[in-house]
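J.: Okay, sequence plus prediction incoming.
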Amino acid sequence: MSLVDRIHRQFADSIAAKQAAMTAMAAPIAAAVEAMTAALRAGGKIMACGNGGSAADSQHFAAELLNRFEKERAPLAAIALTTDTSTLTSIANDYHYDQVFAKQVAALGRAGDVLLAISTSGNSPNVLAAMAVARARGVRVVALTGKGGGKMAAALEPGDIHLGVPADRTARIQEVHLLVLHCLCDGIDILLPGETT
């Protein structure tokens, strides 16, 4: 297979993954938009966490809310729990890497906030720990996963929302995750001022 053919296959596979996700995920994405919008309207915030590419997605999402997505609006309360190296390394060093997000949720999370928990496998121990602390503090969980959702899907409780990408390949899951984040940003921008779609 030529390099050009491989590139064509990557595009085709990505398109197919997105089409499958559109069918399976539109309703839960809409529910997540409504939950996040309700939290922001009530003066709450959205916290996001994940590892590796999911850490980058957390930061991307928080930046789109804090600054702007595609329309001018007031800054929205969002924080990526992946960005403060002093906090992350001190928690990992003094306690355990599994606690790097959980301790931040314990300190910053308030009832009515939302935690966007991102993991392509659904099995990240530090994200699972953050989810447990979130629920104990009355923070609603939106889990963005793939590969069937793993342990994160099993740990969800009533009121939580699962955004599970119906794919097994990490690259495809990450590509859909980015599209989901943009759908969340777009939906929040539409609903927050009280507009209708």
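T.: Perfect, I can see it now.
J.: how far away is the residue nearest to the spatial centre of the chain from Val33?
T.: Ranked by distance to the mean C-alpha position of the chain (Cα atoms, centre = their mean), the top residue is Leu116 at 3.9 Å. Leu116 is 12 Å from Val33, where distance means Cβ to Cβ, to the nearest Å. Any C-beta I mention is one placed from the backbone N, CA and C, and that applies to glycine too.
J.: Please apply the same query to Gly164.
T.: As judged by Cβ to Cβ, Gly164 and Val33 stand 16 Å apart.
J.: Let me see the ranges of the strands in the chain.
T.: Under the criterion DSSP state E, the chain contains strands at 46-49, 78-80, 114-118, 140-145, 161-164.
J.: most tightly surrounded among those strands?
T.: Between these, the one whose residues have the most neighbours on average, counting mean count of other Cβ atoms under 10 Å, is strand 114-118 (a mean of 29).
J.: Counting neighbours, which bits of the top helix by length along the chain end up buried?
T.: In the chain, with assignment by DSSP state H, the single longest helix is helix 3-41. For helix 3-41, the buried set under the neighbour-count rule, 16 or more other Cβ atoms under 10 Å, comprises 14, 17-18, 21, 25, 28-30, 32-33, 35-37, 39-40.
J.: Could you do stretch 97-117 as well?
T.: Counting neighbours by 16+ other Cβ under 10 Å, one finds that the buried residues in stretch 97-117 are 98-105, 109, 112-117.
J.: Extract the C-alpha trace of it and format it as PDB.
T.: Extracted in PDB, the C-alpha atoms of stretch 97-117 (Å, rounded to 0.1, in the frame of the first residue of the first chain):
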ATOM      1  CA  TYR A  97      -0.100   9.900  40.900                       C
ATOM      2  CA  ASP A  98      -3.600   8.400  41.300                       C
ATOM      3  CA  GLN A  99      -4.500  11.400  43.500                       C
ATOM      4  CA  VAL A 100      -3.300  14.300  41.200                       C
ATOM      5  CA  PHE A 101      -6.800  15.100  40.000                       C
ATOM      6  CA  ALA A 102      -8.800  13.900  43.100                       C
ATOM      7  CA  LYS A 103      -7.100  16.200  45.500                       C
ATOM      8  CA  GLN A 104      -7.800  19.200  43.200                       C
ATOM      9  CA  VAL A 105     -11.500  18.200  42.900                       C
ATOM     10  CA  ALA A 106     -11.600  17.900  46.700                       C
ATOM     11  CA  ALA A 107     -10.200  21.500  47.000                       C
ATOM     12  CA  LEU A 108     -12.000  23.200  44.200                       C
ATOM     13  CA  GLY A 109     -15.200  21.200  43.600                       C
ATOM     14  CA  ARG A 110     -18.500  22.500  44.900                       C
ATOM     15  CA  ALA A 111     -22.000  21.000  44.700                       C
ATOM     16  CA  GLY A 112     -23.500  21.900  41.300                       C
ATOM     17  CA  ASP A 113     -20.100  21.900  39.500                       C
ATOM     18  CA  VAL A 114     -19.400  19.500  36.600                       C
ATOM     19  CA  LEU A 115     -16.300  17.300  36.200                       C
ATOM     20  CA  LEU A 116     -15.500  16.400  32.600                       C
ATOM     21  CA  ALA A 117     -13.500  13.100  33.000                       C
END
